[in-house]
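# I need the structure of the sequence given here:
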Amino acid sequence: MRSIWNGAISFGLVSIPIKLVNATENHNVSFRQIHTADGGRIRYRKVCELEEKEVTSQEIGKGYEDADGSIIPITDEDLASLPIPTAKTIEIVAFVPAERIDPLQMDTAYYLAANGVPAAKPYTLLREALKRSQKVAIAKFALRGRERLGMLRVVDNAIAMHGLLWPDEIRAADEVAPDTHVTVRDAELDLADALMETLGEVDIETLHDDYRIAVEEMIAAKTGGGQAVAQAPAEPAGGGKVIDLMAALESSVRAAKEARGEGTDADGEVAAVTPLKSRKKSAAAAPKEVGGKKSTASTAKKTAGKKTTATKSTATKSTVTKSTAKKSTAKTAAKKTTATTKSSASKHSASKSTAGAKSTAGSRKKSA
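Down below sits the predicted model:
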C-alpha cells in the first residue's frame, strides 16, 4: 500500500517513525461526463483568469482570498515554517476509554505502518500498551494543510488512526428530534423489542453493495452488445405509508420470522396479525399516562346510569300499565253494576205496573 504521509508518533519521549496509509478504499463505479449527441468526453480545464490560458498542475499554488478580494500567495515553505509541533508528528495527548468517543466525530481511517526496522520495537510497545489498557489514544496531527484530531486504536496486529472532527464541528441535534409530545405504549415497545430480537445480529462481512453489483452487471450487459437493464423491484402497495403502528409492527415481526424460518407456531400455522380498530376508537380506548383509570370509571358510571334509568323507566311503565288496567277493570265493573241495577229496577217497575193494572181491572168488574 502506498503511503500518503511520513512522520513519527510522539509517545512521551518515545518517537516511532511511521508511514500513513489509507485504511479504506472506494469501490463506487465512477462515471464520466459525455456529450449526449456524439458521446464526446466533457473535460474541465484549469485556466488562468488573467492570461486566459490553461495551466498545468506544476504551475498551480495556494492563495488566500482576502476580504477585499485580493489574493495572498501561500507557499509550501510558508506552511512548513509554522511553529506547529504536529507538522510531521502525531502527538499523543491523552488515553481515554473507547466509549468516550462519539461516533459522530469519526472521519477517515488510516493505518500507521512502522517505518523501518528501528520502529518495530517502540511500535509493538505502543500496540501492546493500548491492548492491555483497553483504551484509545487521542492525538493531534497535521495533514493536507490543516491540523487535525485523531484516535489511535489496535486493529489485529496493527495500529489504526481515525481522523476525528473537532468538537465545534459537530452540529447540535436539538432541531432534529420531533418537537411534539408523543406517548409510546408498552404494547408498542414490546412489539419493537420482539422485532429487534427476531432480526437478531448480522455478520457485517456478509453484507455487500447490491446497487454497485447491479450497475456492474448492467455495464457488462451493455459491453456485450445487449441492452438488458435490471428492473427495480416493485414498490409495495400503499406507498410505504404506515396506517397503524401496531399492525405494522406485528406484520414486521411476522415477516422477519418467516424470513428466518420461524414464521409458524407449534401447530404449524402462520401467526396472524391481530386486526386493530380505527384510529379514533383506538385513541379513545388508549390508556393515557394520567387519568386512564378515571376514564374507565367514568364509562362504568355512565353505563350504570343508563342501566338504572332504563330499569326505573321500565318499572314506571309497568306501574302505569298495572294502574291503568286496574282503573279499566273498576270502570267495567261499575258499568256492569249500574246496568244490573237499572235492569232490576226496570223489572221491579214492570211488575208493579202489571199488578196495578190487574187490581184496577178487578175493581171495575165488581162495580159492574
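
# make it CA atoms for all contacts and neighbour counts henceforth
Noted.

# right, and Val136 touches Arg153 too?
Yes. Counting by Cα atoms under 8 Å, Arg153 is a contact partner of Val136 at 5.2 Å.

# Common neighbours of the two, please.
Counting by Cα atoms under 8 Å, 6 or more residues apart in numbering, the common neighbours of Val136 and Arg153 are Leu130.

# so where's the stretch 201-350 of the chain uncertain?
226-243, 263-350 (pLDDT under 70).

# the helices in the stretch 51-200 of the chain, which residues?
Read by DSSP state H, counting those that start in this stretch, the stretch 51-200 of the chain holds these helices, from start to end of the chain: 76-80, 120-133, 186-199.

# Could you count how many residues lie near the nearest residue to Leu191 once chain neighbours are set aside?
Closest residue to Leu191 apart from its sequence neighbours, by Cα to Cα, 6 or more residues apart in numbering: Leu249 at 6.1 Å. For Leu249, the count of nearby residues is 21 (other Cα atoms under 10 Å).

# Touching, Leu249 and Ala194? I think so.
No. Counting by Cα under 8 Å, Leu249 sits too far from Ala194 to count as a contact (9.1 Å).

# For the helix or strand harbouring Gly7, name the packing helices and strands.
Assigned by DSSP states H and E, Gly7 belongs to strand 3-11. The contact analysis (3 or more Cα pairs under 8 Å, 6 or more residues apart in numbering; DSSP states H and E) places strand 3-11 against strand 14-22, strand 89-97.

# which of those sits most buried?
strand 14-22 (a mean of 20; mean count of other Cα atoms under 10 Å).

# What lies in contact with the helix or strand just after it?
Counting by DSSP H and E, the next helix or strand C-terminal to strand 14-22 is strand 47-48. Residues outside strand 47-48 that contact it (Cα under 8 Å, 6+ apart): 53-55.

# Which one of the residues you listed is nearest to Lys19?
Val55 (32.1 Å; Cα to Cα).

# That closest one and Glu49 touch, don't they?
No. Val55 is beyond contact range of Glu49, at 10.5 Å (criterion: Cα under 8 Å).

# okay, these two: which has more neighbours?
Taking other Cα under 10 Å, Val55 and Glu49 do not tie; Val55 has more neighbours (13 against 8).

# Quick one: residues contacting the more buried one.
46-48.

# repeat for Lys46
54-56.

# go with 6 Å
If you count contacts by Cα atoms under 6 Å, 6 or more residues apart in numbering, Lys46 has them with Glu54.

# Phi, psi for it please.
phi -90, psi 110 (degrees, to the nearest 10).

# Let me have the contacts of strand 47-48 in a markdown table, extended by distance to Asp203 and pLDDT.
Below are those laid out as a markdown table (distance: Cα to Cα, whole Å; pLDDT from 0 to 100):
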| residue | distance to Asp203 | pLDDT |
| --- | --- | --- |
| Lys53 | 54 | 93 |
| Glu54 | 51 | 94 |
| Val55 | 50 | 94 |
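
# need these in CSV with distance to Gly39, can you?
Output for the contacts of strand 47-48, formatted as CSV (distance: Cα to Cα, whole Å):
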residue, distance to Gly39
Lys53, 26
Glu54, 24
Val55, 26
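
# follow-up on the earlier one: for the contacts of Val55, which one is nearest Arg127?
Using Cα to Cα, those come closest to Arg127 at Lys46, 45.2 Å.

# sorry, back to before: ranking the helices and strands packed on strand 3-11 by mean pLDDT, which is last?
Among the helices and strands packed on strand 3-11, strand 14-22 carries the lowest mean pLDDT, a mean of 90.

# who's in contact with that one?
So strand 14-22 is contacted by 3-9, 110-115, 119 (Cα under 6 Å, 6+ apart).

# Format those as a markdown table; extra columns: neighbour count and pLDDT.
As requested, these are exported to a markdown table (neighbours: other Cα atoms under 10 Å; pLDDT from 0 to 100):
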| residue | neighbour count | pLDDT |
| --- | --- | --- |
| Ser3 | 14 | 86 |
| Ile4 | 11 | 86 |
| Trp5 | 16 | 87 |
| Asn6 | 15 | 90 |
| Gly7 | 19 | 89 |
| Ala8 | 23 | 91 |
| Ile9 | 24 | 91 |
| Tyr110 | 21 | 95 |
| Tyr111 | 22 | 96 |
| Leu112 | 25 | 95 |
| Ala113 | 21 | 95 |
| Ala114 | 22 | 93 |
| Asn115 | 17 | 92 |
| Ala119 | 16 | 93 |
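
# Go through those and say which is closest to Arg32.
When the contacts of strand 14-22 are compared for distance to Arg32 (Cα to Cα), Ile4 wins out at 26.1 Å.

# Please name the residues that touch the closest one.
Contacts for Ile4 were tallied using Cα under 6 Å, 6+ apart; they are 20-21.

# I'd like the numbering to begin with 39 instead of 1 from here.
OK, 39 is where the count begins now, so the last one is Ile42.

# how far away is it from Met284?
53 Å (Cα to Cα, to the nearest Å).

# Who is the residue lying closest to Met39 once chain neighbours are set aside paired with across the strands?
On the basis of Cα to Cα, 6+ apart, the spatially nearest residue to Met39 that is not a chain neighbour turns out to be Val59, at 6.7 Å. Listed beta-bridge partners, Val59: Ser41, Tyr149 (assigned using DSSP bridges).

# For Thr62, what are phi and psi?
Torsion angles, degrees, to the nearest 10, at Thr62: phi -130, psi 160.

# give me the number of residues near the nearest residue to it once chain neighbours are set aside?
Take Thr62 and drop its neighbours on the chain: the residue closest to it by Cα to Cα, 6+ apart is Ala147, 6.6 Å away. Other residues near Ala147 come to 18 when the count uses other Cα under 10 Å.
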